[in-house]
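S.K.: got a predicted structure here, sequence first:
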Amino acid sequence: MSAAWVIQATNFLAAFLFIYGLKRMSSPVTARSGIRVAGYGMLLAILAGFLYLYGLRPEAQSHLGANLVLTLVALLIGIGWSWRGGKKVPLTDMPQMVALYNGMGGGAAGAIAAVELLGGHSSNATYLVVTLVGAVIGAISFSGSLIAWAKLDGRIRKPWRMKGQHIFNAVVLLVVLALGVAVALGTTISLGPVAISASALIAVFFGVALLYGIMATMPIGGADMPVVISLYNALTGLAVGLDGFALQNPALMIAGMVVGSAGTLLTLLMAKAMNRSVSHVLFSNFGDVSIEPEGEMEGAMKPVEASDAAIAMRYAGKVIIVPGYGLAAAQAQQKLYEFVKVLQAAGVDVKFAIHPVAGRMPGHMDVLLAEAGVPYDMIAELDEVNDEFKGTDVALVIGANDVVNPAARTDKGSPIYGMPILNVDQAHQVYVLKRGKGKGYAGVENALFYADNTGMVYGDARETLVKMISAVKELGGEAAA
Amino acid sequence: MSMETGIVGFVALYIFMLAAFTGYEVIARVPAILHTPLMSGSNFVHGIVVVGAMFALLNASSVPEQVVGFLGVFLGAANVAGGYVVTERMLEMFKASGPARKKQEPK
């Protein structure tokens, strides 16, 4: 058994365990063992990675000691730093953590390509091209994910846009491609007295690719993040897969491609749930366009006291709760479940209905509710639950707007027309918990808020829920939780 | 990486194609409530890139290669560890209702 054979065998096993682990993740019952299985695969692959020492390129032999120390230190710092970070971070911060770790994977893929290019290891034209493409995708995914992380973490609050951004971005992308061709041809450029060496050219190439990732992500608004994160996840996977080809490592090829296609699928699902194309999300600056409302809204918004709404729900037979990003923003998930338990104790049938793009990443609301302790069989998806609103006494909307706007069903002129929505307006009574009177992300008026059967409960979702809990508890009786 | 397995031309394309379909089929069955852990789980899986970065760093023969390789291994390792911890923590929370839930009720 040569070292190379052991590496091949472990990588094969790792690839198998990844796919098997992901497969187990398709049910909440087996999901946890799924990630463990994949974890064993990863551990094996990393340990086997040290066997590369037995097949080094001749020119690297003299650096063996230094390289080994560097590898160990980088592994320890990387693992230690993010293991601790991942343990500590509150679960409400999941979207930004996923974006962050995804960006790091993209960065690693870019770095591999950079080392290969710097060392001039890709002699064959095919490998060279694949490495370059992997480099571009990895770099864009790295800087783009970091911007997405900053946005989700609230470090960048507003989409940043400028005039002629599309043209600027297109030019940047063209420059990246031109630099890539220059790197591939091994050109050295001399601008008068300044001569740019091959490795400087590679550095510039990466710099501009990173710039493109930043410029492409800056204009995208928060509500489009589910699409963006999924897309960068797919891109990192793709970059890893291409690096795998460049390094002739089938485990990287397979894992990268599996993630690439999984991410692509999620991206398309998210875009579909918004009734928009992926390119529309990326290039249209959606929230930027000010939309003229189609005529005045009929009726007026009717403010309701939290306690009145709570008591109405206490005496309802069936309540469906529709959470949105506002629930996460107000950190109100614990209080919400507390309120739900109070209602359940009073004999009310309660259920959660979740729109695919509610929140800032695919499945964001589900994680939030799971954190609060809500069992997953109380959570229903859009298709399952949409017909039930007709027979529902009260629909409680918390911090969601566009995903419950009936205009998506009825108003052909509305920018969100055609987007699948939760039909909360069909419930007998609707209560909307909302921070203020503002419009939704898309800048569209929401006819739901003006409907006769809708009551608006203004205020911070968390405080409102606290009031609701005490209102129901004051009624006494069996409602004690 | 080794002379024993030259993955060239169409063989690479076959691997890519089959892996892409595998990813699609495996993920298409995942219910929407698991989409976040799934993303973070697949995020963890592409952390295998750290192995490629180790190869690159161990084979580095100049300072720039060592610097970039170091960065690559660091980023890849962070991707792996973070992706794993975060996914595990999320999945731990997904519970069904029923008897098992009692233990998990907040105090």
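M.R.: Received it, and whenever you're ready, just let me know what you need.
S.K.: residue nearest the middle of chain B, spatially speaking?
M.R.: Note on chain B: the residue nearest the mean C-alpha position is residue B:45, at 1.3 Å, using CA atoms, centre = their mean.
S.K.: show me what contacts it?
M.R.: Counting by CB atoms under 8 Å, 6 or more residues apart in numbering or on different chains, residue B:45 touches A:18, A:21, A:22, A:38, A:42, A:255, A:258, A:259, B:83. C-beta here means a position set from N, CA and C on the backbone, and glycine is covered the same way.
S.K.: return the closest of these with respect to residue A:365.
M.R.: Set against residue A:365, the nearest of those by CB to CB is residue B:83 (21.1 Å).
S.K.: adding pLDDT, write the contacts of residue B:45 out as a markdown table.
M.R.: A markdown table is the format used below for the contacts of residue B:45 (pLDDT from 0 to 100):
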| residue | pLDDT |
| --- | --- |
| A:18 | 95 |
| A:21 | 93 |
| A:22 | 92 |
| A:38 | 95 |
| A:42 | 95 |
| A:255 | 95 |
| A:258 | 95 |
| A:259 | 94 |
| B:83 | 95 |
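S.K.: close to chain B: what parts of the stretch 101-250 of chain A are there?
M.R.: Applying CB under 8 Å from any CB of the partner chain, we find that the stretch 101-250 of chain A lies next to chain B at A:101-102, A:104-105, A:107-112, A:114-116, A:118-119, A:121, A:126, A:142, A:199, A:229-230, A:233, A:236-237, A:240-241, A:243-245, A:247-250.
S.K.: how about a cut-off of 7 Å?
M.R.: A:101-102, A:104-105, A:107-109, A:111-112, A:114-116, A:118-119, A:199, A:229-230, A:233, A:236-237, A:240-241, A:243-245, A:247-250 (CB under 7 Å from any CB of the partner chain).
S.K.: likewise for the stretch 351-481 of chain A?
M.R.: Going by CB under 7 Å from any CB, the residues of the stretch 351-481 of chain A near chain B are A:356, A:361-364, A:366-367, A:370-371, A:373, A:375-379, A:381.
S.K.: quick one: the helices in the stretch 151-300 of chain A, in order.
M.R.: Secondary structure of the stretch 151-300 of chain A (DSSP state H, counting those that start in this stretch): helices at A:165-185, A:198-217, A:225-246, A:250-273, A:278-283.
S.K.: pLDDT below threshold where in chain A?
M.R.: A:1, A:122-123, A:187-196, A:284-298, A:437-444, A:476-481 (pLDDT under 70).
S.K.: please enumerate the strands of it.
M.R.: Counting by DSSP state E, chain A has strands at residues A:189-191, A:194-196, A:318-323, A:349-354, A:379-381, A:394-398, A:429-434, A:454-458.
S.K.: just to revisit the earlier point, need the helices of the stretch 151-300 of chain A in JSON lines with mean neighbour count, can you?
M.R.: Below are the helices of the stretch 151-300 of chain A laid out as JSON lines (neighbours: other CB atoms under 10 Å in any protein chain shown):
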{"stretch": "helix A:165-185", "mean neighbour count": "16"}
{"stretch": "helix A:198-217", "mean neighbour count": "20"}
{"stretch": "helix A:225-246", "mean neighbour count": "30"}
{"stretch": "helix A:250-273", "mean neighbour count": "26"}
{"stretch": "helix A:278-283", "mean neighbour count": "16"}
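S.K.: right, and residue A:140 touches residue A:213 too?
M.R.: Yes - between residue A:140 and residue A:213 a contact is recorded at 4.0 Å, counting by CB atoms under 7 Å.
S.K.: and the closest residue to residue A:406 other than its chain neighbours, what is it in contact with?
M.R.: Closest residue to residue A:406 apart from its sequence neighbours, by CB to CB, 6 or more residues apart in numbering or on different chains: residue A:425 at 4.8 Å. Residue A:425 makes contacts with A:406, A:448, A:451, as judged by CB atoms under 7 Å, 6 or more residues apart in numbering or on different chains.
S.K.: most surrounded residue in those residues?
M.R.: Neighbour counts for the contacts of residue A:425 peak at residue A:448, which has 23 neighbours (criterion: other CB atoms under 10 Å in any protein chain shown).
S.K.: return stretch A:49-58 as PDB; C-alpha atoms alone will do.
M.R.: Listed next in PDB are the C-alpha coordinates belonging to stretch A:49-58 (Å, rounded to 0.1, in the frame of the first residue of the first chain):
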ATOM      1  CA  GLY A  49      -3.900  14.800   3.500                       C
ATOM      2  CA  PHE A  50      -0.700  14.600   5.500                       C
ATOM      3  CA  LEU A  51       0.300  11.600   3.400                       C
ATOM      4  CA  TYR A  52       1.000  14.100   0.600                       C
ATOM      5  CA  LEU A  53       4.300  14.500   2.300                       C
ATOM      6  CA  TYR A  54       5.300  11.100   0.700                       C
ATOM      7  CA  GLY A  55       4.800  12.300  -2.800                       C
ATOM      8  CA  LEU A  56       6.000  15.900  -2.900                       C
ATOM      9  CA  ARG A  57       7.100  17.700  -6.000                       C
ATOM     10  CA  PRO A  58      10.900  17.600  -6.200                       C
END
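S.K.: buried stuff in it?
M.R.: A:49, A:50, A:51, A:52, A:53, A:55, A:56 (16 or more other CB atoms under 10 Å in any protein chain shown).
S.K.: got the end-to-end distance for stretch A:396-414?
M.R.: Using CA to CA, to the nearest Å, one end of stretch A:396-414 lies 24 Å from the other.
S.K.: again with stretch A:117-134
M.R.: 11 Å.
S.K.: tell me who's in contact with residue A:339.
M.R.: Residues in contact with residue A:339 (CB under 7 Å, 6+ apart) are A:465, A:468, A:469.
S.K.: OK, contacts around residue 34?
M.R.: With no chain named, the answer covers chain A. Contact analysis of residue A:34 by CB under 7 Å, 6+ apart lists A:21, A:22, A:24, A:25.
S.K.: try chain B instead
M.R.: So residue B:34 contacts A:25, A:28, A:31, A:363 (CB under 7 Å, 6+ apart).
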